[in-house]
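In: Quick check, what structure comes out for this input:
(one chain, ligands or ions: 1)
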Amino acid sequence: MIDVSSLYLLKNESFAELAKLSSLSDLDQFELYWMGRKGKLTTLLRSVSELSIEDKKTIGKFINDYKVEFTALILQKKTLLKNVSLEQKLSQEIFDTTLPGTIFPRGHQHPLSQVIAELVRIFHSFGFVVADGPEMESEFYNFEALNIPPNHPARDMQDTFYIEQTGKQPSLPSLGHLTSHEDPSLLRTHTSPVQVRIMQKYPPPISIIVPGRVYRHEAMDATHSCMFHQVEGLLVDKNVSFADLKGTLTRFAQLFFEKDVKTRFRPSYFPFTEPSAEMDISCLICSGTGCRVCKQTGWVELLGSGMVNPKVFEEVRLDPDQYSGFAFGIGIERLAIFKYGVDDLRLFCENDLRFLKQF
Ligand code: FA5
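Out: Numbering: from 1, shown residues only. Reported below is the predicted structural model:
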């Protein structure tokens, strides 16, 4: 049987206990004890439904008012204790505003990326735009379309990493409909396949450069790597001559090395260009006197080039009587070696920060 006087006592007792609490964890316990699912006040509230109508008006109202007041007081206490705890924490923490901040060192581009950016900038000024192609390439684009049929001895010029054909090949969505010509079966050995892809897609005039990674199954030494970077260049239009090729590449070398570097063009052979030439520059490491990098010759090979072979034009359905063009492929690591006076290209891929920070 509930009577008002015992309820008063209970109320005073609970309010007094609440006033004494001094920590948030004690308050949590207290709240559970009184207001939890099986708490003292909760049980009392449940018993109101069993009271007579008369008692509901007095005792029921008392209990409900008690609950409202008690809930408000608990909330007030909680806010107070939270503020006290925050103030305590702040008074213990020392924050010295005079200390210098943490300085995070600024990174910069990898030297090879710097070379690519500079190269793109120069060719951009000549009117060339950047194009792109897949690193996993088909035999067709890497060899056949470039006039290197199966069993042609020229395939030995570039030792190839073949990809094992297991199940479904990854698709190349940007290249549209996949044909057997598109099935990637190797890691491209040069950036030249992009020449064919671009000529298939766009009509002349074309002037592109294609910086990218290429792969060859080769032993590494100071000037050779099994994964390196090339930039391909292609210019196709009416009346393009070998003089245009020589002029463009010589001017590029002068702008890139910021010196009046000497160039020489040696007859060479690439199945996809006719005539073909390799461009050497006077060795910038030893100024042409002979060193380890130029193998004591005073000259270093920088790139392969030539006039686009009519057979390649036929492959992409361009009339060789109407159009002519030149193409070239430059080794980016070699450019970096000469630009920065580094005598071993392996340094560029070792990721030694002591080396990289110097650029
Ligand atoms: C080619 O790859 C031809 N596709 C270039 C070309 C393009 C010729 C267009 C004609 C027209 P070559 O195998 O010579 O050619 O390589 C071109 C350049 O890549 C070389 O001059 C050299 O600078 C660089 N290079 C070749 N092999 C390596 C290697 N293993 N490591 C680093 N650089 C290399």
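In: State the phi and psi torsions of D65.
Out: Backbone torsions of D65, given as degrees, to the nearest 10, read phi -60, psi -40.
In: Count residues in the vicinity of it, would you?
Out: As a burial measure, D65 scores 11 neighbours (other CB atoms under 10 Å). C-beta coordinates here come from the backbone N, C-alpha and C atoms, glycine included.
In: and the residue lying farthest from the centre of the chain, what pLDDT?
Out: Within the chain, E54 marks the point farthest from the mean C-alpha position, 77.7 Å out by CA atoms, centre = their mean. E54 carries a pLDDT value of 90.
In: can you check Q200 too?
Out: pLDDT recorded at Q200 is 97.
In: Around it, count how many other residues there are.
Out: For Q200, using other CB under 10 Å, the count is 14.
In: following the helix or strand hosting it, which helix or strand comes up?
Out: Element membership for Q200 (DSSP states H and E) is helix 193-201. Downstream of helix 193-201, the first helix or strand assigned by DSSP H and E is strand 206-215.
In: and that next one, C-alpha only, in CSV?
Out: C-alpha atoms of strand 206-215 as CSV (Å, rounded to 0.1, in the frame of the first residue of the first chain):
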residue,chain,number,x,y,z
ILE,A,206,48.6,13.8,-86.5
SER,A,207,51.3,15.0,-84.2
ILE,A,208,51.5,13.0,-80.9
ILE,A,209,53.9,12.0,-78.3
VAL,A,210,53.4,9.0,-76.1
PRO,A,211,55.3,8.8,-72.8
GLY,A,212,55.0,5.4,-71.1
ARG,A,213,56.5,2.3,-69.5
VAL,A,214,57.9,-0.5,-71.7
TYR,A,215,59.4,-3.9,-70.8
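In: Is the ligand within reach of it?
Out: No: on the criterion CB under 6 Å from any ligand atom, strand 206-215 is out of touch with the ligand, staying 7.2 Å away.
In: what's the helix or strand for the residue farthest from the centre of the chain?
Out: helix 53-55.
In: and that helix, what does it pack onto?
Out: If you count contacts as 3 or more CB pairs under 8 Å, 6 or more residues apart in numbering; DSSP states H and E, helix 53-55 packs onto no helix or strand.
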